[in-house]
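Asks: Predicted coordinates and the sequence they were generated for:
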Amino acid sequence: VNLPISRPWTLKNAHGLFFVLMMRNSVNIVLIGYRCCGKTTVGSLLSRDLGMEFLDTDRLIEEETGLPVHSYVAQKGWGAFRAVERGIVRSVASMDKAVIATGGGVVTDMESVRDLKKNGWIAWLMADAAVIRERMRDQEAGGSMRPPLSGVDAADEVDQILWERRPLYARASDCTFSTDGHGPRQVATEIVAAFSRQLADRPEEKQRAR
């Protein structure tokens, strides 16, 4: 989901060690979370300002299948979609120093989660169910379609699907970030700071610091 970008942001507001640490590490930043939690917007900001390649798995699936996600799911079903997604995730997870925005249900596939964690630091972007519903309705008003996950209206199923997936997001993630009431630039800044701290805490980095 594309969230409004309100003010300029530079890396001066983020963790100063980031570039030094990234020169010595090849870790990907992976964004997970329910649909409409800002993964695409935040991922684009991180990619642009950090000089890392941005990969959106839903967009790559659309390129692979030649169909929008909602059309492919309507024709082939979620099982077929997850199979395509699994292959895309395996491919992008093998890359270095990339920002990867994933689909909301990637955590339901343990093989995909294992692939992402091999070389990825996973950030869970969270939002309250009411906020997600509002963002989804805004998108629908703008012509963007989201396929339902459980056979009911996509906005009506949010509470149930969130309840089912929260343990999966928690288990997969290295850090969590709320997008409720926070602009995408603020969230991106928080991600860079937390990621830098985690890199700095790696045993090899602590050894270099001695």
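Replies: Ah, there it is. Residues are numbered from 1 along each chain as shown.

Asks: the strands in the chain, which residues?
Replies: Secondary structure of the chain by DSSP state E: the strands cover 28-32, 53-56, 98-101, 120-126, 175-178.

Asks: Pull the contacting residues for the residue positioned nearest the centre of the chain.
Replies: For the chain, the residue nearest the mean C-alpha position is residue 31 (2.3 Å; CA atoms, centre = their mean). Counting by CB atoms under 8 Å, 6 or more residues apart in numbering, residue 31 touches 39, 42-43, 99-102, 122-123, 125. To be clear about C-beta, it is placed using only N, CA and C from the backbone, and glycine gets the same treatment.

Asks: rewinding a little: could you provide the strands of the chain in TSV, with additional columns for mean pLDDT and distance to residue 191?
Replies: Shown next, in TSV, are these (pLDDT from 0 to 100; distance: least, CB to CB, whole Å):
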stretch	mean pLDDT	distance to residue 191
strand 28-32	96	7
strand 53-56	96	13
strand 98-101	96	9
strand 120-126	96	5
strand 175-178	94	6
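
Asks: could the ones you listed be laid out in CSV, adding distance to residue 133?
Replies: Below are the strands of the chain laid out as CSV (distance: least, CB to CB, whole Å):
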stretch, distance to residue 133
strand 28-32, 20
strand 53-56, 22
strand 98-101, 21
strand 120-126, 15
strand 175-178, 16
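
Asks: how near is the closest residue to residue 112 other than its chain neighbours to residue 172?
Replies: Of all residues not flanking residue 112 in the chain, residue 89 sits nearest, at 4.3 Å (CB to CB, 6 or more residues apart in numbering). Separation of residue 89 from residue 172 (CB to CB, to the nearest Å): 12 Å.
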